[in-house]
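[1] next one to model:
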Amino acid sequence: MVDVGAKPETQRIAVAAGHIYMQPATFELIKSGGAKKGDVLGIARIAAIQGAKRAPDLIPLAHPLIITKVAVEFMLDETAASIECRVTVETIGRTGVEMEALTAVSAGLLTIYDMVKAIDRGMDISGIHLIEKRGGKSGDFVAP
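    Numbering: from 1, shown residues only. This next block holds a predicted model:
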């Protein structure tokens, strides 16, 4: 792990997002709340929060952090039969929360897949990326 002990504690924020594309019927099932396994987006929200909290357990050299906020949003696009998962993670610490945000998005999207895979195994998870990060020595970043 990188030694961050000499770095000052600052507010750190990261926003990440990704999409899952599916058949229109699968999209409608999720939207209507009719999936057999239950509330797909509610459970995916919890999975995303857990993903942020467990990132250091999954990413070998990630630092364990005290996370002060995880906000998960799902944007439904009926035309594309897709759902965007967008996660904002915040902390006050010596290292950033980019990995926590990216892991949260991944966990949220994978949970959506898991909950409806019995009816649509061809779903496509893609475009997981960092949208922005604020705080720290390297400064701010906003994706183009």
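
[2] low-confidence stretches in this protein?
    By pLDDT under 70, the weakly predicted segments of the chain are 1, 5.

[3] tell me where it has helices.
    For the chain, the helices defined by DSSP state H occupy 24-32, 40-58, 98-116.

[4] beta partners of Arg134?
    With DSSP bridges as the criterion, Arg134 is bridged to Ile13.

[5] who's in contact with the residue positioned nearest the centre of the chain?
    Taking CA atoms, centre = their mean, the centroid of the chain lies closest to Val105, which sits 1.7 Å from it. Contacts for Val105 (CB atoms under 8 Å, 6 or more residues apart in numbering) come out as 16-18, 48, 51, 85-87, 128. (C-beta placed from N, C-alpha, C; glycine too.)

[6] residues contacting Val70?
    Listed by CB under 8 Å, 6+ apart, the contact partners of Val70 are 48-49, 52-53, 87-90, 100, 104.

[7] can you rerun that using 6 Å?
    Residues in contact with Val70 (CB atoms under 6 Å, 6 or more residues apart in numbering) are 49, 52, 89.

[8] before we move on, what about Tyr21?
    Residues near Tyr21 by CB under 6 Å, 6+ apart: 82, 124.

[9] likewise Thr103?
    Counting by CB under 6 Å, 6+ apart, Thr103 touches 51, 55.

[10] which of the contacts of Val70 has the most neighbours?
    The most crowded member of the contacts of Val70, judged by other CB atoms under 10 Å, is Val89 (33 neighbours).

[11] I figured that one hits Ala55, correct?
    No. Contact between Val89 and Ala55 fails when scored by CB atoms under 6 Å: they sit 8.9 Å apart.

[12] overlap in contacts of the two?
    Here Val89 and Ala55 share the contacting residues Glu100, scored by CB under 6 Å, 6+ apart.

[13] my read is that Glu98 contacts Arg134, right?
    No. Between Glu98 and Arg134 there is no contact under CB under 6 Å: 10.7 Å.

[14] so between the two, which is more surrounded?
    Neighbour count, other CB under 10 Å: between Glu98 and Arg134, Glu98 has more, with 21 against 17.

[15] follow-up on the earlier one: and of the contacts of Val70, the nearest to Val2?
    Nearest to Val2 among the contacts of Val70 is Val89, at 18.8 Å by CB to CB.
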